[in-house]
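>>> prediction below, plus the sequence it came from.
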Amino acid sequence: MRGVALPEDVVAQTLAYVDGLPADATASMQRDIMEGRPSELEAQTGTIVGRVTDTRSGVPVTTAQVTVTGTSLGAVVDAEGRFRIANVPPGTYEVRARSIGYQPATATVTATADASRQIPSEVRMDPRRSG
């Protein structure tokens, strides 16, 4: 046996405790979410927000996919070229945008845990040259 020794009936004890709680009891995280406050998880992770645009015309690239380099995190842009990637540990990252008809583009971005301090990032894409 490794780790901390637990009583054999620990599961039964825990379930009995939960069964004894009032039916309308809530956890602090549940109350925070219901009141529109960030959860504890959101306070520990950041969000990357930005927009992907065509370098020449400035119009949104509405077909782009954006990924955080070196992670499995990413997003598809909306009809205005905007993206939001949540649950990113706070820090500085490189994002990569890809779309048919454009050369891949990268930008350095910052993920912040404080939603009021999110810094929108602009990713500009150059159209592929035909020929």
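Now that the structure is in, tell me what you want to look at.
>>> now the terminal residues of stretch 73-91, how far apart.
With CA to CA, to the nearest Å as the measure, stretch 73-91 spans 14 Å from end to end.
>>> and that stretch, what's its mean pLDDT?
Average pLDDT, stretch 73-91: 92.
>>> can you map out the helices along this protein?
For the chain, the helices defined by DSSP state H cover 10-19, 28-34, 40-44.
>>> and these as CSV, adding distance to Ala105, mean pLDDT and mean neighbour count?
All C-beta spots, glycine's among them, are computed from the backbone N, C-alpha and C. Below are the helices of the chain laid out as CSV (distance: least, CB to CB, whole Å; pLDDT from 0 to 100; neighbours: other CB atoms under 10 Å):
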stretch, distance to Ala105, mean pLDDT, mean neighbour count
helix 10-19, 51, 88, 10
helix 28-34, 35, 75, 12
helix 40-44, 28, 67, 12
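>>> including distance to Ser121, could those helices go into TSV?
As requested, the helices of the chain are exported to TSV (distance: least, CB to CB, whole Å):
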stretch	distance to Ser121
helix 10-19	44
helix 28-34	27
helix 40-44	19
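>>> nearest to Thr71, out of these?
Thr71 lies closest to helix 40-44 among these, at 16.2 Å (CB to CB).
>>> leaving out sequence neighbours, find the closest residue to the most centrally placed residue in the chain.
In the chain, the C-alpha nearest the mean C-alpha coordinate belongs to Ala86, at 0.9 Å (CA atoms, centre = their mean). Using CB to CB, 6 or more residues apart in numbering and skipping residues adjacent in sequence, the residue nearest Ala86 is Thr47, 4.9 Å away.
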